[in-house]
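A.B. asks: Model the following, please.
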Amino acid sequence: MSSKTRAKKKQSSLFTSLPEDIIIDILARVTRCDYPTLSLVSKQFRSLVASREIYVRRSLLSCTEHCIYVVLYNRDTGVNNWYILCRKANSNRRLVLIPSLPDMSPGNSFVTVGSRIYMFGIYHKNALSIDCQSHTGTPLPRMPIPMSYSRVAGIMDKKIYLTVNYLVAKSLAVMV
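C.D. replies: From the prediction side, this is the model:
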């Protein structure tokens, strides 16, 4: 093994040999737009940037950020992918792919509540809750009727309301 390889290996292990609290403190100060890249460094980093602890620490350090989530269709793959629109240090912006979120079918309805995005699908009865901190999706309980062509999703009195196309449901349906 060359001395360069040994030095590189020694440097990389220095950071991961730090106590986890210190690593979380450091990572909490990094912009969330860099988390997808950091998650590729190691399994430890992947679990840390998806952990609840890092977001609690970000909040305590006042390192919170507002993010814009975008779903774009990729013509080459035929898949709708999730991205975060991030601001770079030089005031430019870039789209960062979130590979952990599922493919989105066109025409879904979305509503945000806190750090969650609720997605109501066009072709199935299932709905999905997306945790914007860990970038994971959790299925919600089955809907009593398909949310086919639901046009509006909104919040009123801390409840999510959906309207469903009259022709599909044979009557106007509002789900709460």
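
A.B. asks: ranges for the strands of the chain?
C.D. replies: 68-74, 79-87, 93-97, 109-113, 116-120, 127-131, 136-139, 152-156, 159-164, 173-175 (DSSP state E).

A.B. asks: what about residue 52, how many neighbours?
C.D. replies: 10 (other C-beta atoms under 10 Å). In short, each C-beta sits where N, CA and C put it, glycine included.

A.B. asks: For residue 127, see how far away it is.
C.D. replies: Applying C-beta to C-beta, to the nearest Å, the value for residue 52 to residue 127 is 23 Å.

A.B. asks: Quickly list what the closest residue to residue 83 other than its chain neighbours is bridged to.
C.D. replies: The shortest distance from residue 83 to any non-neighbouring residue, by C-beta to C-beta, 6 or more residues apart in numbering, is to residue 95 (4.2 Å). In this entry, residue 95 is beta-bridged to residue 85, by DSSP bridges.

A.B. asks: Make CSV from the strands of the chain and add mean neighbour count, distance to residue 61 and mean pLDDT to it.
C.D. replies: CSV is the format used below for these (neighbours: other C-beta atoms under 10 Å; distance: least, C-beta to C-beta, whole Å; pLDDT from 0 to 100):
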stretch, mean neighbour count, distance to residue 61, mean pLDDT
strand 68-74, 13, 22, 86
strand 79-87, 17, 19, 84
strand 93-97, 13, 21, 83
strand 109-113, 15, 23, 82
strand 116-120, 19, 22, 84
strand 127-131, 19, 20, 84
strand 136-139, 12, 23, 84
strand 152-156, 13, 29, 72
strand 159-164, 17, 31, 72
strand 173-175, 15, 39, 51
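
A.B. asks: CSV for the ones you listed, including distance to residue 36?
C.D. replies: As requested, the strands of the chain are arranged in CSV below (distance: least, C-beta to C-beta, whole Å):
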stretch, distance to residue 36
strand 68-74, 13
strand 79-87, 8
strand 93-97, 6
strand 109-113, 20
strand 116-120, 17
strand 127-131, 15
strand 136-139, 13
strand 152-156, 27
strand 159-164, 28
strand 173-175, 33
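
A.B. asks: Go through those and name the closest to residue 44.
C.D. replies: strand 136-139 (17.9 Å; C-beta to C-beta).

A.B. asks: tell me the contacts of residue 27?
C.D. replies: Residue 27 is in contact with 38, 45, 48-49, 54, counting by C-beta atoms under 8 Å, 6 or more residues apart in numbering.

A.B. asks: buried subset of those residues?
C.D. replies: Among the contacts of residue 27, those buried by neighbour count (16 or more other C-beta atoms under 10 Å) are 45, 48-49, 54.

A.B. asks: Let me see the contact set for residue 31.
C.D. replies: Residue 31 touches 65, 86, counting by C-beta under 8 Å, 6+ apart.
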